[in-house]
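**Q** structure here, sequence nowhere to be found:
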């Protein structure tokens, strides 16, 4: 009987404890930096707050929950994570083949007065953050002003080349100031043929305003874990956006996307408002009639292997026709938007059709298993005639409207490079030597020395002014910036540029050992890169903090490039890239490419203390993996 009474007492206690637990299924939240983590439910009791989390990530890749994670509650208090189940805090958790996993995070109990919390690992790059998590099970309330789309018909005037600051301003609804959002925008410069990153600071109230110097209407791409709209801006005009963070969060969520909408994701006002609304409401910004996956790529290579130049052109022109039909079939879009898509399609196809011999040769080698240095059979050798390039006039416009395409300048530069090699005259292809295309060709050629860190003399700037005073002003600004940078570089330290004379006579098979021998006993991070390689430079920027940490631990950073990096450009870029630098001959680079299997750049090797290759990566491996491998090697004995 005593045992029975004890059992009943325990049952009553457990039942009472269970009764105090409150469960919030699929809670709504206002903003997030990740689509990897979703909250399936929250169990609140007077003993603990338990988050039941579903994770979605690439199979066999790892995620990690920081031991310093905590809840930031609306009572102003922080509640640190106590424990976990299904995942070890601070440890790498490798995702299963399904790409999904579930685990729990346990926090202290929350006061009954707390209605909303935020989950964060901390204020560091790449941290998991979910803010405005509702504990009452209700959706995030719609803001008083969610923004309304423009009722005007989308319209783009003929681009006018003029200098002026475009103002881009906006408001992030339900913005959590603790998130400290890092927002950047990218604009593409047709003159210098490169991208420029623009930082957009966000105030604590979620507002932002930035002035962006432009010479013609330009589409910028915003990049942030919170939002990523594409926005057309015009010099001297203001464009504003209202960004509905709760709706963006809901729409991206696997668990919440079927719940009712919380309003428009974006609403624009000011210049180009109607077109910007339309662009960001339709998923089909650009029809891509070719490679969208590895499977597509393999299919294309199989299709074109063994084709003649004319057959290759016909193949892509058929895809062009199919793309036009697809665009024509889109319903509910404006003619302006349709025109933009058709232009982008034409430039996409032109990019495929340029330099056909190299593409066809690669396709033949890959489909027939031929190494790069193996001779090609006669059947695979392709001769391209001047008539092949008859498509150019139809696909690459000699019209100011081309400026609306971000990669118009790149296509113009490609034409300029092919002139005299693949066809004798661009003017002959177009039947004229006048127009925006020819102005850009002349201006890009004048600007080329600046990209190679060679300042322009006054007579060259005068030539630019005769073509376009506006572009000449931009060129002068770039030239003055370059002169300042060159002078500043003379004072920089922390890097070593090894002269070519030190390495050019070393046999290819001995060269790598020669440049790494001095660092035996150290862990070495080897970066194969080029001055013109955007992903190489972006990886360097992304890994800056990790690099500083590893340098303090004794890791050596070794940067290797070839003759495709112009000498002047290389000499003036490396003062900002701390480490050991070598620029080798084309033959030496080719030998390394074959020896290490370098199929592209950036390419990385991490050497152990004995000079052994501990890790290789085509493309940047990510900051976490970089730290992991380097720390593992550092812990090993010499």
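**A** Everything's here; your move. If you're wondering where the values come from, they're calculated on a predicted model, not measured in any experiment. Numbering: from 1, shown residues only.

**Q** so, low pLDDT: which residues of this protein?
**A** In the prediction, the chain carries residues with pLDDT under 70 at positions 1-19, 142-151, 283-292.

**Q** how about stretch 551-558: buried residues?
**A** Within stretch 551-558, the residues that count as buried by 16 or more other Cβ atoms under 10 Å are 555, 556, 557, 558. Placement of C-beta: from N, CA and C, glycine included.

**Q** how near is the third one to residue 574?
**A** Right, residue 557. In this view, residue 557 and residue 574 are 11 Å apart by Cβ to Cβ, to the nearest Å.

**Q** one more: residue 261?
**A** Applying Cβ to Cβ to residue 261 and residue 574 gives a distance of 51 Å.

**Q** next: residue 515.
**A** Taking Cβ to Cβ, one finds residue 515 at 15 Å from residue 574.

**Q** wait, what's in contact with the residue nearest to residue 520 when sequence neighbours are not counted?
**A** Counting by Cβ to Cβ, 6 or more residues apart in numbering, residue 611 is the residue found nearest to residue 520 once chain neighbours are left out, at 5.6 Å. Residue 611 sits next to 513, 516, 517, 520, 524 when contact means Cβ atoms under 8 Å, 6 or more residues apart in numbering.

**Q** residues touching the second one, list them.
**A** Residue 516 makes contact with 524, 526, 558, 607, 611, according to Cβ under 8 Å, 6+ apart.

**Q** kindly report the same for the fourth one.
**A** Listed by Cβ under 8 Å, 6+ apart, the contact set of residue 520 reads 609, 610, 611.

**Q** do the same with the last one
**A** Taking Cβ under 8 Å, 6+ apart as the criterion, residue 524 is in contact with 516, 555, 556, 557, 558, 605, 606, 607, 611.

**Q** now for those residues: which two are most distant?
**A** For these, the farthest-apart pair by Cβ to Cβ is 557 and 611; their separation is 15.8 Å.

**Q** sorry, back to before: more neighbours, residue 261 and residue 574?
**A** Counted by other Cβ atoms under 10 Å, residue 261 and residue 574 do not tie: residue 574 has more neighbours, with 22 against 12.

**Q** quick check, the more buried one in contact with residue 492.
**A** No - with contact defined as Cβ atoms under 8 Å, residue 574 does not count as touching residue 492 (9.3 Å).

**Q** ok, residue 573 to residue 186 distance?
**A** As judged by Cβ to Cβ, residue 573 and residue 186 stand 20 Å apart.

**Q** settle it for me: which of those two has more neighbours?
**A** Neighbours of residue 573 and residue 186, each counted by other Cβ under 10 Å, are more numerous for residue 573; the result is 20 against 14.

**Q** run through who's touching the host helix or strand of that one.
**A** In this assignment (DSSP states H and E), residue 573 forms part of helix 567-573. Outside helix 567-573, the residues that touch it by Cβ under 8 Å, 6+ apart are 451-454, 485-486, 489, 497, 531-532, 561, 581, 583.

**Q** what strands line up against the top strand by length along the chain, and which way round?
**A** In the chain, taking DSSP state E as the definition, the longest strand is strand 164-173. Counting by DSSP bridges, the strands paired with strand 164-173 are strand 207-214 (antiparallel), strand 238-244 (parallel).

**Q** buried ones in the first one?
**A** Residues of strand 207-214 classed as buried by neighbour count (16+ other Cβ under 10 Å): 208, 210, 212, 214.

**Q** got the end-to-end distance for stretch 372-388?
**A** Counting by Cα to Cα, to the nearest Å, you get 26 Å between the two ends of stretch 372-388.

**Q** who are the contact partners of residue 63?
**A** 36, 55, 57, 92, 93, 95.

**Q** please redo it, this time with the cut-off set to 6 Å
**A** Contacts for residue 63 (Cβ atoms under 6 Å, 6 or more residues apart in numbering) come out as 57, 93.

**Q** repeat for residue 200
**A** Residue 200 touches 183, 185, 208, 210, counting by Cβ under 6 Å, 6+ apart.

**Q** quick check: bridge partners of the third one?
**A** Right, residue 208. Each beta-bridge partner of residue 208 is listed here, defined by DSSP bridges: residue 170.

**Q** how much space is there between it and residue 227?
**A** Residue 208 is 11 Å from residue 227, by Cβ to Cβ.

**Q** equivalent analysis for residue 234, please.
**A** According to Cβ to Cβ, residue 234 stands 21 Å off from residue 227.

**Q** next one: residue 633
**A** When residue 633 is compared with residue 227 (using Cβ to Cβ), they lie 39 Å apart.

**Q** equivalent analysis for residue 624, please.
**A** To residue 227, residue 624 is 24 Å away according to Cβ to Cβ.

**Q** could you do residue 515 as well?
**A** Distance from residue 515 to residue 227, by Cβ to Cβ: 45 Å.

**Q** over to residue 372?
**A** Residue 372 is 43 Å from residue 227, where distance means Cβ to Cβ.

**Q** over to residue 127?
**A** Residue 127 is 18 Å from residue 227, by Cβ to Cβ.

**Q** thinking again about what came up before, which positions within the helix holding residue 573 qualify as buried?
**A** Across helix 567-573, burial judged by 16+ other Cβ under 10 Å covers 569, 570, 571, 572, 573.

**Q** same check, this time on stretch 85-94
**A** For stretch 85-94, by 16+ other Cβ under 10 Å, it's 87, 89, 93.

**Q** more crowded one of residue 624 and residue 227?
**A** Neighbours were counted for residue 624 and for residue 227 using other Cβ under 10 Å; residue 227 has more, 21 against 14.

**Q** ok, now which ones touch that one?
**A** 243, 248.

**Q** make sure it is indeed in a strand.
**A** No - counting by DSSP: H, G, I helix; E, B strand; the rest coil, residue 227 is not part of a strand but coil.
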